[in-house]
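Novice: heads up, no residue letters with this:
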Ligand SMILES: CC(C)=CCC/C(C)=C/CC/C(C)=C/COP(=O)(O)OP(=O)(O)O
């Protein structure tokens, strides 16, 4: 076995620093190019409930298992050099799930998740319509955003009561108000202006380069409709609580093999 591989295996076994960053040499050994790493990875963490059901567990247990894996995913993103991880945690349509599940998510789960994740030292933000979230959750969000705002490294973005259509509507309303008030003209409306009104406007990398959805479903379920225009998709045929680092690295490898043309053709 080449010496470099032995060093890599040794480090993996004995250096379990939670947010250690992989070196350029290690990336190359894994067949990954540092310059081709996605800047923004988006995750649709689907399948917590089905994972729990298959094991005779409650949906709550499935979401708890999902929370642990989401924490692991933050660690993988930091380690492999991703700058932004956004997670679709609750859609504008998810209010129609069973009342007990919604209550659990809104009254303890998301608050607990925010509290736990603050220990990771990441910058944390929440996107979505916060107006109808419970007050204590709103307070936890404000506290986390304020406390972590100067953290460097991975930026973790939770999409809570978020929907791609909601995002486009709220941006459209702001732009329409500016036109109405004469602040801008109709002719000023373009891609860039819309970018500046979307919920992702504060992110260094607002558009996901890579979207991963677990559970085998092949759809985006109203996530970042505008921002995903030229993202690469990776669908993993496992429930979210089963996602591991090998799956994540496989998604990175798949991403790096893609030819992103953005509508332009070289031949
Ligand atoms: C790890 C973590 C933060 C979990 C939170 C639990 C949770 C509510 C996850 C839902 C994720 C989501 C919005 C999936 C989209 O599918 P969908 O089921 O909303 O839409 P579909 O009906 O099109 O599949």
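Specialist: All right, it came through fine. Small disclaimer: the values here were computed from a predicted structure and weren't measured.

Novice: In the stretch 51-200 of the chain, what residue comes closest to the ligand?
Specialist: In the stretch 51-200 of the chain, the residue that lies nearest the ligand is residue 66 (3.5 Å; C-beta to the nearest ligand atom). C-betas here are computed from N, CA, C, even on glycine.

Novice: Tell me, how many residues neighbour that residue?
Specialist: 26 (other C-beta atoms under 10 Å).

Novice: Return the distance of residue 204 relative to residue 74.
Specialist: 17 Å (C-beta to C-beta, to the nearest Å).

Novice: Between these two, tell me which one has more neighbours.
Specialist: residue 74 (22 against 10).

Novice: Report the separation between that one and residue 102.
Specialist: 25 Å.

Novice: Next: residue 160.
Specialist: From residue 160 to residue 102 the distance is 12 Å (C-beta to C-beta).

Novice: And the two? Which one has more around it.
Specialist: Neighbour count, other C-beta under 10 Å: between residue 160 and residue 102, residue 160 has more, with 24 against 14.

Novice: Find me the pLDDT at the more buried one, would you?
Specialist: Per-residue pLDDT puts residue 160 at 98.

Novice: In a helix, it, correct?
Specialist: No: under DSSP: H, G, I helix; E, B strand; the rest coil, residue 160 sits outside any helix and is assigned strand.

Novice: Surely it touches residue 110?
Specialist: Yes: at 6.4 Å, residue 160 counts as touching residue 110 under the criterion of C-beta atoms under 8 Å.

Novice: any idea of the pLDDT on residue 235?
Specialist: 98.

Novice: Count the residues that sit near it.
Specialist: Other residues close to residue 235 by other C-beta under 10 Å number 16.

Novice: so it makes contact with residue 217?
Specialist: Yes: with contact defined as C-beta under 8 Å, residue 235 counts as touching residue 217 (7.5 Å).

Novice: so which residue of the stretch 101-250 of the chain comes closest to the ligand?
Specialist: Counting by C-beta to the nearest ligand atom, the stretch 101-250 of the chain gets nearest the ligand through residue 221, at 3.5 Å.

Novice: Just give me the neighbour total for that residue.
Specialist: Residue 221, neighbours per other C-beta under 10 Å, totals 14.

Novice: which residues touch it?
Specialist: Going by C-beta atoms under 8 Å, 6 or more residues apart in numbering, residue 221 touches 44, 88, 91, 93.

Novice: Also residue 215?
Specialist: 46, 47, 50, 236, 237, 238, 239, 240.

Novice: likewise residue 233?
Specialist: Taking C-beta under 8 Å, 6+ apart, one finds 210, 211, 213, 220 in contact with residue 233.

Novice: let's see 10 Å
Specialist: If a contact means C-beta atoms under 10 Å, 6 or more residues apart in numbering, then residue 233 has 42, 44, 208, 210-213, 218-220, 251, 254-255, 258 as its contacts.

Novice: Help me confirm that it is found in a helix?
Specialist: No: the assignment for residue 233 (three-state DSSP) gives strand, which keeps it out of a helix.

Novice: continuing past whichever strand or helix holds residue 74, what's the next helix or strand?
Specialist: Applying DSSP states H and E as the criterion places residue 74 in helix 59-80. The helix or strand immediately downstream of helix 59-80 is strand 84-91, counting by DSSP H and E.
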